[in-house]
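A.B. asks: Let's see this in three dimensions:
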Amino acid sequence: MLYTYSERRLRAGLAEALGCEMTTAGIKVDPANQRTTVAGVYAAGDVSTGNQVAFAVAGEARAAMFAAFELFYDGLPTLARV
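C.D. replies: Here you go, the predicted structure:
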C-alpha cells in the first residue's frame, strides 16, 4: 500500500527574502551548478526541482560541491583554477 500527499506548497521565505527568482516549480537555479539568481546562494532538492527524491539527492550533492568550490576558489593554487 502506498500513501501520498499530492498537494505541494513551496515554503521558501528565506529565498524570497534574499531576492532569489522564483518559478512555478520553485526557486530558479542553474541546472549545471544549482546556483540561484543571487550570487553565493544555492538551492537544491524539492525547492528547485519538484518533488522527486532522486533529483533532489543529485541536486543537493551538486549544490554542495559548487558552493564549496566558490568558498575555497581564492585559496586554490593558480594552476588549479581552470
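A.B. asks: If you average the pLDDT over the longest helix along the chain, what comes out?
C.D. replies: Using DSSP state H, we find that the single longest helix of the chain is helix 53-72. Per-residue pLDDT over helix 53-72 has a mean of 76.
A.B. asks: Repeat that for stretch 11-20.
C.D. replies: Averaged over stretch 11-20, pLDDT sits at 91.
A.B. asks: can you give me the end-to-end distance of that stretch?
C.D. replies: End-to-end distance of stretch 11-20 (Cα to Cα, to the nearest Å): 13 Å.
A.B. asks: how about it: buried residues?
C.D. replies: Neighbour counts using 16 or more other Cβ atoms under 10 Å place 15, 20 of stretch 11-20 among the buried residues. Yep, even glycine has a C-beta here, placed from its N, CA and C like the rest.
A.B. asks: Stretch 59-77 now?
C.D. replies: Neighbour-count burial for stretch 59-77, counted by 16+ other Cβ under 10 Å, picks out 59-60, 62-63, 66-67.
A.B. asks: where do the strands sit along the chain?
C.D. replies: Taking DSSP state E as the criterion, the chain contains no strands.
A.B. asks: give the contact list for the residue nearest in space to the middle of the chain.
C.D. replies: Note on the chain: the residue nearest the mean C-alpha position is residue 43, at 2.1 Å, using Cα atoms, centre = their mean. By Cβ atoms under 8 Å, 6 or more residues apart in numbering, residue 43 lies in contact with 12, 15, 20, 26-27, 29, 34, 36, 63.
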